[in-house]
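Visitor: requesting a structural model of the entry that follows:
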Amino acid sequence: MPRRQAGQPGTILAPPSLINSRKVDRRVNKDLPAARTLRRGRKQPGGGGPPGDARAASAPAATLFNDANCCAIARAQRVALLVDGAAYFDAFMRAAERAQRSILILSWDFDSRTRLHYDPHSRRPSRLGDFLNELARRRRKLHIRILDWDYPMVFGTEREFSPIYGLAWAPHRRVHVHFDDTHPLAGSHHQKVVVIDDKVAFVGGLDLTCRRWDTPEHLPDDPRRVADHKPYPPFHDLMMMVDGEAAQALGEIARERW
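Guide: Numbers count the residues shown, from 1 in each chain. Okay, here's the model as predicted:
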């Protein structure tokens, strides 16, 4: 699959932690009837017609999104845009460390060898698999579920050998890894979602895998941008971080997929 290559340097539009903002509607693209009632029929403040026009005042807000093209219209109290892998991985680690019972991960690719940070003074494990195992050891009620695409071998040359065999990375007994092949012929599982305790969720274009970490500067010779002892080109993408009803709706999707 062609990767998105870096264009102009990105800018973090919001801090990695969730920001205070007005309520923002978030839509998720999967058939989840239960979530449709999260936000339906909201009236447009002030209406759109002349003063005293009750019909205009009660008209729903104009939107491109409806039951015909999305499954849920859910409200997030706070939203952050995390531009590029460095910002996303940092926010993911901070949120995951607060997980009490559940971390749900949907991915096109998952690689336990992924380098999450490059801080030599950090006490966090730098590799994704070690980080998740450490979280599971620290919290006995925490279950981590990873649903990866059951990819054909043509896509396997740069991927980690399946961790379910425990030959490279041995997941903790409460880190569950499954592979999903329930898609049309020649299709793929392409959702990139992380949901933590149904309180915070990430959704967007970045997997927790190798060759995704980069900074908005996209330096051409950044020595940290290495996978399998080989440099890889600049990589540009983003994730959205949401809470509230939007996080709950994404959690429902993850559980239905699982």
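Visitor: which stretches of the stretch 101-250 of the chain form helices?
Guide: Counting by DSSP state H, counting those that start in this stretch, the stretch 101-250 of the chain has helices at residues 128-138, 244-257.
Visitor: indicate which one of those helices is closest to residue 174.
Guide: helix 128-138 (4.6 Å; C-beta to C-beta). C-betas here are computed from N, CA, C, even on glycine.
Visitor: what sits up against the closest one?
Guide: Contacts of helix 128-138 with the rest of the structure, by C-beta atoms under 8 Å, 6 or more residues apart in numbering, involve 93, 96-97, 99, 103, 111-116, 124-125, 142-144, 163, 169, 171-175, 208.
Visitor: want to throw the helices of the stretch 101-250 of the chain into JSON lines with distance to residue 236?
Guide: Below are these laid out as JSON lines (distance: least, C-beta to C-beta, whole Å):
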{"stretch": "helix 128-138", "distance to residue 236": "20"}
{"stretch": "helix 244-257", "distance to residue 236": "23"}
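Visitor: of all these, which lies closest to residue 82?
Guide: Nearest to residue 82 among the helices of the stretch 101-250 of the chain is helix 244-257; the distance by C-beta to C-beta comes to 14.8 Å.
Visitor: what packs against that closest one?
Guide: strand 19-28, strand 72-83, strand 102-107, strand 143-149, strand 193-196, strand 200-204 (3 or more C-beta pairs under 8 Å, 6 or more residues apart in numbering; DSSP states H and E).
Visitor: pick the most buried one from the helices of the stretch 101-250 of the chain.
Guide: helix 244-257 (a mean of 22; mean count of other C-beta atoms under 10 Å).
Visitor: quick one: average confidence on that helix?
Guide: Helix 244-257 shows a mean pLDDT of 94.
Visitor: circling back to that earlier point, quick one: buried ones out of the contacts of helix 128-138?
Guide: Neighbour counting over these (16 or more other C-beta atoms under 10 Å) leaves 93, 96, 99, 103, 111-112, 114-116, 124-125, 142-144, 163, 169, 171-172, 174-175, 208 as the buried ones.
Visitor: which members of those residues are positioned in strands?
Guide: Taking DSSP state E as the definition of strands, the buried ones among the contacts of helix 128-138 contribute 103, 143, 144, 175.
Visitor: quick one: closest of the helices of the stretch 101-250 of the chain to residue 75.
Guide: Here helix 244-257 is closest among these (C-beta to C-beta), at 4.8 Å.
Visitor: now the angle from that closest one to strand 72-83?
Guide: 100 degrees (axes from the mean of the first three to the mean of the last three C-alpha atoms, to 10 degrees).
Visitor: angle of helix 244-257 against strand 200-204?
Guide: Computed with the same axes, to 10 degrees, the direction of helix 244-257 lies at 70 degrees from that of strand 200-204.
Visitor: identify each buried residue in stretch 217-236, please.
Guide: Quick answer for stretch 217-236 (16+ other C-beta under 10 Å): 218, 222, 225, 227, 232, 234, 235, 236.
Visitor: by pLDDT, give me the weakest of the residues you listed.
Guide: Across the set of the buried residues of stretch 217-236, residue 227 stands lowest in pLDDT, at 90.
Visitor: my guess is it meets residue 209, correct?
Guide: No: with contact defined as C-beta atoms under 8 Å, residue 227 does not reach residue 209; the gap is 9.2 Å.
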